[in-house]
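**Student:** Everything below, folded, please.
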Amino acid sequence: MSNDCVFCKIVSGELPSTKLYEDDDVLAFLDISPAAKGHALVIPKAHHETIKDIPAELLGKVSAVVKQIAQALFAGLGAEGVNVGQANGPVAGQVVPHIHFHVIPRRTDDGLTFAWSHQKYADSAEMQQLAAKITALLTPNT
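**Tutor:** Next comes the predicted model:
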């Protein structure tokens, strides 16, 4: 727990929330400033700031709840689609420094946009160089 983290205060009950799901490790609740009605946040109860910090096992538990919430938005709210978003660090748009996933119900003509400009690689050699830097740091799941 972090004393100054708004999500930790929600977990501890210091701040109110409209809970959708709770177990020993994960909490899901409605966003108080939703992009669309039904917009949910899914968090680990333990304080981890970014995806770099959260243990893989706990991330798996959070991801499983993200899936359940998405399914409930489809079935319960009649969502036609769902956006799942997760940002790491202020430069990426993370406002609350406690890892969280946004699960946002979508409908045709809802007016929401999640668009970014697309870049191009100079050539396939540049792509291969970047891929090599990334794959050198990856380990297979066993």
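**Student:** quick one: the strands in this structure?
**Tutor:** Shown for the chain, the strands assigned by DSSP state E span residues 19-22, 26-30, 40-44, 81-85, 101-106.
**Student:** Need the residue closest to the centroid of this protein.
**Tutor:** Most central in the chain under C-alpha atoms, centre = their mean is F101, positioned 1.8 Å from the mean C-alpha point.
**Student:** how near is that one to N83?
**Tutor:** Per C-beta to C-beta, to the nearest Å, F101 is found 10 Å from N83. C-beta here means a position set from N, CA and C on the backbone, and glycine is covered the same way.
**Student:** And the pLDDT for the closest residue to L30 other than its chain neighbours?
**Tutor:** Excluding the flanking residues, the one nearest L30 by C-beta to C-beta, 6 or more residues apart in numbering is T18, at 4.3 Å. With respect to pLDDT, T18 has a value of 98.
**Student:** Where is the longest helix in the chain?
**Tutor:** When the chain is parsed with DSSP state H, its longest helix is helix 56-77.
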